[in-house]
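**Q** would you be able to build a 3D model of this:
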Amino acid sequence: MPIGIALTGATGHLGCVLIPLLLKKGYRVRALVRKHQAGFPPQVEQIVGDLHDALALQKLTEGMDAVVHSAALISVSGDPLGLVHKTNVVGTKNVLLASKQAGLRRFIYIGSVHAYQNRPHLLPLNEQRPMVVEGGAYDKSKSLAQQWVLEQNSAQFQTLALCPTSMIGPPDLRPSLLGQAILDIAKGKIPAVFPGGFDFCDVRDVAVAVVDAIHLGQGGQAYLLGGKWYSMREFGQCIGEVSGKSIRLAEIPFFLGKALIPVSRIWAKVSGQKTEFTAEALDILRYGPRQVCSHKAQTELNYTCRELKESLKDTLDFFGGL
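**A** Okay, here's the model as predicted:
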């Protein structure tokens, strides 16, 4: 019987890339979904439930060989309702314990570069960098979950953490926050950005590393999956180059951005819409690590990352061009 892979976060950006790749490799795929997905390939067995549904998690893991746990709740607005911790920490523990009880041999946890302390941001960041203790709710939740997952490693039940940087690339169905930003910049809807930037990697390259981690990599270890750092101004210039447009984004000083945060909160309250314009978001942008070292993943997982312009071009092509 083919090797069985249980997947959480199946409808997310990474999950949508993983499913066809796993099927192409000949794996049996069982996915946890909140509701039945009509657009999933018929070969995928769907288990309706969530990270806190014990019966659904039992059905998800029973008779499988490995789990890829990519479900998570991202937030740059704290955790006022406790959902970030409940999803990213408690939910992770629920999935892992169900996997262990079902006798699976490997648990692949999709972490984040944000689980590591971002300062000093100008020095190289590798897996030896201390984990986050204080900071944003998302960062702390990913740090706590990753540390706990790796502590559960044993010879019979191997646990690995794969920690990507900022993922872009197709397919991007929803689209993701970065996917929407690419579209907005290409359409001229974003005239200015703040200084700072991100390390960008391609979701397709991350997916390949995840699939390879089913057999490769060492239990109890974390692997950073990075690409290259670009300022947001450079990011906009690259979008312009691949789309055939002249895009020159102005830069807004950080002090002005912080002064506008209260205005953003008022707008969000009045409009009833969520705002991503927060002090936490500005801090991530300003202190994003400039040199993320992926040598360990390159050596042990055969990880590679394509150039940013290729990812941007493919993303815009996926969205139908402009």
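**Q** where along this protein do the helices fall?
**A** 13-24, 54-61, 83-85, 91-101, 137-151, 177-186, 203-212, 232-243, 254-271, 279-286, 295-300, 308-318 (DSSP state H).
**Q** for the record, mean pLDDT for the last one?
**A** When the per-residue pLDDT values of helix 308-318 are averaged, the result is 97.
**Q** ok, the shortest one next?
**A** Averaging pLDDT along helix 83-85 yields 97.
**Q** try stretch 39-46
**A** The model assigns stretch 39-46 a mean pLDDT of 96.
**Q** endpoints of it, how far apart?
**A** 11 Å (C-alpha to C-alpha, to the nearest Å).
**Q** residues of that stretch that come out buried?
**A** In terms of neighbour count (16 or more other C-beta atoms under 10 Å), stretch 39-46 has its buried residues at 40, 44, 46. For the C-beta atoms, the positions are set from N, CA and C on the backbone; glycine is no exception.
**Q** hang on, V242 packs against S311?
**A** No. Contact between V242 and S311 fails when scored by C-beta atoms under 8 Å: they sit 9.3 Å apart.
**Q** so between the two, which is more surrounded?
**A** S311 (25 against 19; other C-beta atoms under 10 Å).
**Q** pLDDT at the residue nearest to P2 when sequence neighbours are not counted, what is it?
**A** Of all residues not flanking P2 in the chain, R28 sits nearest, at 4.9 Å (C-beta to C-beta, 6 or more residues apart in numbering). We have a pLDDT of 98 for R28.
**Q** R28 and I3, how far apart?
**A** Noted for R28: a distance of 7 Å to I3, by C-beta to C-beta, to the nearest Å.
**Q** compare those two (neighbour count), which wins?
**A** Counted by other C-beta under 10 Å, R28 and I3 do not tie: R28 has more neighbours, with 18 against 15.
**Q** bridged to that one, which residues?
**A** G4 (DSSP bridges).
**Q** let's number from 550 now, not from 1
**A** That works, and once the first residue is 550, the last one we named lands at R577.
**Q** from what I can see it touches L556, true?
**A** No. Taking contacts as C-beta under 8 Å, R577 lies outside contact range of L556: 10.8 Å.
**Q** so where's the stretch 750-871 of the chain uncertain?
**A** 809-826, 870-871 (pLDDT under 70).
**Q** looking at the helices of the chain, which is nearest to I657?
**A** Nearest to I657, of all those, is helix 752-761, at 6.2 Å by C-beta to C-beta.
**Q** what angle separates that closest one from helix 562-573?
**A** 50 degrees (axes from the mean of the first three to the mean of the last three C-alpha atoms, to 10 degrees).
**Q** alpha carbons of helix 752-761, as CSV, please.
**A** Taking C-alpha atoms only, helix 752-761 is exported to CSV below (Å, rounded to 0.1, in the frame of the first residue of the first chain):
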residue,chain,number,x,y,z
VAL,A,752,6.1,28.2,-1.9
ARG,A,753,6.8,25.6,-4.6
ASP,A,754,10.3,25.2,-3.3
VAL,A,755,9.1,24.9,0.2
ALA,A,756,6.6,22.3,-0.8
VAL,A,757,9.4,20.2,-2.5
ALA,A,758,11.4,20.4,0.8
VAL,A,759,8.4,19.3,2.8
VAL,A,760,7.8,16.3,0.6
ASP,A,761,11.5,15.4,0.7
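**Q** tell me which other helices or strands it touches.
**A** Judged by 3 or more C-beta pairs under 8 Å, 6 or more residues apart in numbering; DSSP states H and E, the packing partners of helix 752-761 are helix 562-573, strand 707-713, strand 715-717, strand 770-774.
**Q** out of those, nearest to A620?
**A** helix 562-573 (8.1 Å).
**Q** helices or strands up against that closest one?
**A** Using 3+ C-beta pairs under 8 Å, 6+ apart, helix 562-573 sits against strand 553-557, strand 577-582, helix 752-761.
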